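# only the shape, not the letters, is given here:
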């Protein structure tokens, strides 16, 4: 019987789908919407900010024992890429 190793158990996958919603009035800026799905559990959440993405991911990473310091590094990396 194959037993997943520790790294495999702690591997988590997410699918993020985002799109732009054009404003009904031209004087308003476009907004983005989306959803994120945790592949292993099928849990899904609507999102409308990068903070929503991070909150969702953090919950699932901490649930499998990922240390807070690692989660914080992931958070910073996502925010850095987002603000390019």
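Good, I have the coordinates. All figures in this text were calculated on a predicted structure; none of them were measured in a lab.
# now the strands for this protein?
Per DSSP state E, the chain carries strands over the ranges 14-21, 31-38, 44-47.
# any residues touching the second one, and which ones?
By Cβ atoms under 8 Å, 6 or more residues apart in numbering, the residues outside strand 31-38 that reach it are 12-21, 23, 43-48, 52-53, 56-57, 60. The way it works is simple: take the backbone N, C-alpha and C, and place the C-beta from them, glycine included.
# just checking: what are the partner strands of that strand?
Strands that pair with strand 31-38, judged by DSSP bridges, come out as strand 14-21 (antiparallel), strand 44-47 (antiparallel).
# follow-up on the earlier one: now, of the contacts of strand 31-38, which are buried?
When these are checked for burial by 16 or more other Cβ atoms under 10 Å, the buried set is 47, 53, 56, 57, 60.
# now, these that are in helices?
Secondary structure assignment by DSSP state H places 53, 56, 57, 60 of those in helices.
# list just the nearest of those residues to residue 77.
Checking these against residue 77 with Cβ to Cβ, the nearest one is residue 57 at 11.4 Å.
# now do the contacts for the spatially closest residue to the closest one that is not a sequence neighbour.
Of all residues not flanking residue 57 in the chain, residue 14 sits nearest, at 6.0 Å (Cβ to Cβ, 6 or more residues apart in numbering). For residue 14, the contacting residues are 36, 37, 38, 39, 56, 57, 60, by Cβ under 8 Å, 6+ apart.
# for residue 40, same thing?
Contacts of residue 40 (Cβ under 8 Å, 6+ apart): 12, 13, 60.
# let's see it at 7 Å
Applying Cβ atoms under 7 Å, 6 or more residues apart in numbering, we find residue 40 in contact with 12, 13.
# perfect, I'm done here.
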